[in-house]
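Chemist: dropping a prediction and its sequence here:
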Amino acid sequence: MKTMILLLSGGLDSVVLLYELINQGISVRALLFSYGQRHRRELFWASYHCERVKITRKTFEIPTLPGSSLTDVDAPGVVVPNRNAIFLSLAANYAVQVGETTVAYGANKDDGKVFADCRPAFVAAFNELLDAAGVEVEIVAPFITKTKREIAERAKILGVSPEESWSCYAGGNEPCGECLACQQRAAALK
């Protein structure tokens, strides 16, 4: 059975990807990242799903990644500069440590409109970087051509409840309903 390392945020995209990989018979090791995000509630849902499907998880506690409203309420914009490159670098290192060769993350077509590190060109360039560094790990983004609506439809087929994930960028116990993530989620679930 093939095993993949999955960046599991606890958001709908990565949670659905977890169940999609398992549905395909792929064994998964989850990586969670605590990077000073205001929306730490997503880590609760990531852990919840790891326990539910009984998979190994590792949480990386890294210094706060500045430059975005995701980590600083007063910062402009939601783009955390170079976030996925940082996460994928750590994931590739972890994959080598545990003897795996594939890292997956839930980048999708809609996220690619705002986040450059969720686009096919980024994935291709990152794989070239790993190859140039002699790291025998491949980064894959199985949902990169899928919209959030398509991912939400797949969630229904897989029996994944959107209520058991967290997409809101604001801190707190309830989704704000106003941030980009809440707006995209609401549109996808219509």
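Modeler: Perfect, thanks for sending it. Numbering: from 1, shown residues only.

Chemist: what's the closest non-adjacent residue to residue 110?
Modeler: Once flanking residues are discounted, residue 110 sits nearest to residue 148: 4.6 Å by CB to CB, 6 or more residues apart in numbering. C-beta: built from backbone N, CA, C; applies to glycine.

Chemist: ok, now how distant is that neighbour from residue 62?
Modeler: 26 Å (CB to CB, to the nearest Å).

Chemist: what's the answer for residue 176, then?
Modeler: Taking CB to CB as the measure, residue 176 falls 25 Å from residue 62.

Chemist: still on that earlier bit, count of neighbours near the residue nearest to residue 110?
Modeler: 23 (other CB atoms under 10 Å).

Chemist: look up how far residue 184 lies from it.
Modeler: Note on residue 148: its distance to residue 184, by CB to CB, is 6 Å.

Chemist: now the common contact residues for those two.
Modeler: Counting by CB atoms under 8 Å, 6 or more residues apart in numbering, the residues touching both residue 148 and residue 184 are residue 110.

Chemist: the strand ranked longest in the chain pairs with which strands?
Modeler: Assignment by DSSP state E gives strand 27-34 as the longest strand of the chain. Applying DSSP bridges, strand 27-34 is found paired with strand 3-7 (parallel), strand 56-61 (parallel).

Chemist: now the helix or strand following it: buried residues?
Modeler: Later in the chain than strand 27-34, the nearest helix or strand by DSSP states H and E is helix 41-53. By neighbour count on 16 or more other CB atoms under 10 Å, the buried set for helix 41-53 is 41, 42, 43, 45, 46, 47, 49, 50.

Chemist: give me the nearest residue to the second one, chain neighbours excluded.
Modeler: Residue nearest to residue 42 in three dimensions, not counting chain neighbours: residue 10, with 3.5 Å by CB to CB, 6+ apart.
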